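just a sequence and a predicted model for now, questions to come.
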Amino acid sequence: MPSTPFQDDSDRHLLREMAERLRATVTDRPLHLILENEDNRAALLARDAVGRPRSYTAQWNDDVHHVLHVAATGEDAAYYAPYAAEPRACWARALAEGFAFQARRWTTAASRAARPSGHLP
């Protein structure tokens, strides 16, 4: 089923609040929270001082998927267009730093939310 992005401009984003509540509640076993994070908000993947996830453990990496799709199909329309311009550079950056696009993907609020991700595990 396709997902529909939602906008949350509150001080404490809904995704962060959900993760914090789950982590506070589930303490008797490891908890792995996976995120679809189209905005590439690296803060949602931050770790504490000993390396434990503060919010989310990992995310589905749309950048890797999209650049591979462009390479395999040649499709370059719609949201594949930014990946088609420099597919090798996008692929290399996504592998090395987690996200191909960091705060420069689109000219939207989502792209302004994205931050560098090279420091993430």
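Looks like it came in fine. Residues are numbered from 1 along each chain as shown.

hey, let's count contacts and neighbours off CA atoms from now on
Fine.

need the contact list for the residue lying farthest from the centre of the chain.
Distance from the C-alpha centroid of the chain, by CA atoms, centre = their mean, peaks at residue 28 (27.3 Å). Contacts for residue 28 (CA atoms under 8 Å, 6 or more residues apart in numbering) come out as none.

for it, give its distance to residue 42.
27 Å (CA to CA, to the nearest Å).

measure residue 120 to residue 17 for me?
For residue 120, the distance to residue 17 equals 21 Å [CA to CA].

err, residue 85, not the other one
Relative to residue 17, and taking CA to CA, residue 85 is found at 36 Å.

same deal with residue 36?
Taking CA to CA, one finds residue 36 at 15 Å from residue 17.

and if you look at residue 73?
Residue 73 is 38 Å from residue 17, by CA to CA.

neighbour count winner among the two?
Legend: neighbour count by other CA atoms under 10 Å for residue 73 and residue 17, higher for residue 17 (12 against 9).

let me see the contact set for that one.
Per CA under 8 Å, 6+ apart, neighbours of residue 17: none.

what about it, helix or strand, and which?
Assigned by DSSP states H and E, residue 17 falls within helix 14-25.

let me see the mean pLDDT of that helix.
Mean pLDDT, helix 14-25: 94.

now the helices for the protein?
For the chain, the helices defined by DSSP state H cover 14-25, 62-73, 81-85, 87-97, 109-113.
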